[in-house]
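Peer 1: when you get a sec, could you give me coordinates for this:
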Amino acid sequence: MQTYVVIVAGGSGKRMGSVLPKQFLLLKNKPVLYYTINAFLKALPECKVIVVLPEDHLELGKEIIDGYFDEQRIQLTVGGETRFHSVQNGLKLVEEEAIIFVHDGVRCLVSDELIRRCYETAMETGSAVPAVECRDSVRIITEDGNDPVDRSKLRLVQTPQTFHSKILLPAFAIDYKAWFTDEATVVEAFGLKVTLVPGEERNIKITNPIDLVIAEKILEE
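Peer 2: Sure thing, here's the model as predicted:
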């Protein structure tokens with residue numbers, strides 16, 4: 001079965017405090033986006049990659065692909081107003097029945113093991129959503145103040161969120177809702193349950209300047 005990877009890299013970099021979107025910032029002299037794309041091309045040699053970028057930075061994305069990769073394996077498309085719409089744009093380029101990964105462009109440390117775990121689970125159950133345990137104490141804000149939450153019942157969701165195309169494509173044909181925060185919430189709104197798989201602590205999302213420092217140390221290891 002064919003495998004597609006939709007890499008969502010439409011972020012603006014506001015929290016990073018940079019004019020340049022975070023997916024283009026350098027990490028050990030290469031763009032963050034390079035590591036993300038390369039991780040999937042190594043783990044899934046036959047996959048097709050779709051990179052969703054801000055319209056203003058399509059040319060920069062093309063430069064990265066031309067400089068580091070076989071451009072025949074990678075397609076570019078423009079992001080939308082929200083993550084939902086960006087993923088929707090990427091899915092329009094899926095041309096056949098497939099296992100589809102949807103991954104944050106700035107989760108550049110995703111491992112071969114996690115990618116394979118998601119693939120195998122999605123082949124078996126139709127979905128695979130990586131998640132890690134919550135280590136911190138958690139409280140929920142209420143009208144009267146705040147209350148503790150049992151963290152043992154909480155999971156922090158990561159990507160790549162992975163689905164059979166027969167599930168993901170029709171799910172993304174439904175109308176957008178403001179509470180769609182990831183692909184799992186869309187699939188659940190479509191009426192299906194998702195399968196959680198163990199994520200990885202090192203599969204961090206580059207959001208703030210300190211994350212670049214952490215990512216560099218992990219790469220050095």
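Peer 1: list of residues touching the top helix by length along the chain?
Peer 2: For the chain, the helix with the greatest residue count under DSSP state H is helix 112-125. Applying Cβ atoms under 8 Å, 6 or more residues apart in numbering, the set of residues contacting helix 112-125 from outside is 1, 3, 39-40, 42-44, 99, 101, 127-128, 130, 160-164, 195, 197-200, 203. Every residue, glycine included, has its C-beta placed from N, CA and C.
Peer 1: go again with 6 Å.
Peer 2: With contact meaning Cβ atoms under 6 Å, 6 or more residues apart in numbering, helix 112-125 is reached by 43, 99, 128, 160, 162, 163, 195, 197, 200.
Peer 1: show me which residues of it are buried.
Peer 2: Using 16 or more other Cβ atoms under 10 Å as the test for burial, helix 112-125 gives 114, 115, 117, 118, 119, 121, 122.
Peer 1: nearest to residue 7 among the residues you listed?
Peer 2: residue 115 (12.4 Å; Cβ to Cβ).
Peer 1: does residue 65 touch residue 71 like I think?
Peer 2: Yes. With contact defined as Cβ atoms under 6 Å, residue 65 counts as touching residue 71 (5.3 Å).
Peer 1: the two: which has the busier surroundings?
Peer 2: Ranked by neighbour count (other Cβ atoms under 10 Å), residue 65 and residue 71 place residue 65 first, with 19 against 12.
Peer 1: coming back round to it: want to throw the buried residues of helix 112-125 into JSON lines with pLDDT?
Peer 2: Formatted as JSON lines, the buried residues of helix 112-125 follow (pLDDT from 0 to 100):
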{"residue": "114", "pLDDT": "98"}
{"residue": "115", "pLDDT": "98"}
{"residue": "117", "pLDDT": "98"}
{"residue": "118", "pLDDT": "98"}
{"residue": "119", "pLDDT": "98"}
{"residue": "121", "pLDDT": "98"}
{"residue": "122", "pLDDT": "98"}
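Peer 1: element containing residue 188, please.
Peer 2: According to DSSP states H and E, residue 188 maps onto helix 183-189.
Peer 1: and for residue 168?
Peer 2: Using DSSP H and E, the element containing residue 168 is helix 165-171.
Peer 1: contacts only, for the residue nearest the centre of the chain.
Peer 2: With distances taken as Cα atoms, centre = their mean, residue 103 lies nearest the centre of the chain, 2.0 Å away. Counting by Cβ under 6 Å, 6+ apart, residue 103 touches 7, 159, 160.
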